[in-house]
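In: build me a model:
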Amino acid sequence: MSDDNQPVVDQPTPVADAKADDSAKADVTAVGTDQYGRQMYETTCGSCGKKTQVPFKPAGDRPVYCRECYLQRRGGDRRSSGGGGGGGGGGRNWQRSR
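Out: Purely as a prediction, here's the structure:
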């Protein structure tokens, strides 16, 4: 028997994307700290599939890349490109000589 005075409550149904997010989050593991004391997390590269460590907890809504794939997608390693302004110069002799 059902009581007609009781409101009908629908149970929420999971969305297909939510399942994909859960599987991405399940692939993240805290693995310790780096030399600067930041918490490191092990995850899988979204491009090549290798295990990699990152200094942030991936949310699962965007891909995370290993160093090699990140540099390749960004267009190379800035350290080897030679450019950059850098600044610096010692501090004391900041004025241009006349």
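
In: when you work out contacts or count neighbours from here on, use the C-alpha atoms and nothing else.
Out: OK.

In: can you show me the helices along this structure?
Out: Assigned by DSSP state H, the helices in the chain fall at 16-26, 67-74.

In: ok, of these, where does mean pLDDT dip lowest?
Out: Summarising mean pLDDT across the helices of the chain, the least confident stretch is helix 16-26, with a mean of 46.

In: quick one: contacts for the closest residue to Thr43 other than its chain neighbours?
Out: Nearest-residue entry for Thr43: Val28, 4.9 Å, with adjacent residues in sequence omitted and distances by Cα to Cα, 6 or more residues apart in numbering. Taking Cα atoms under 8 Å, 6 or more residues apart in numbering as the contact definition, Val28 lies against 41-44, 57-58.

In: again with Gly32
Out: With Cα under 8 Å, 6+ apart, Gly32 has these contacts: 39-41.

In: mind checking which of these are in strands?
Out: 39-41 (DSSP state E).

In: residue boundaries of the strands in the chain?
Out: For the chain, the strands defined by DSSP E cover 29-33, 39-44, 51-54.
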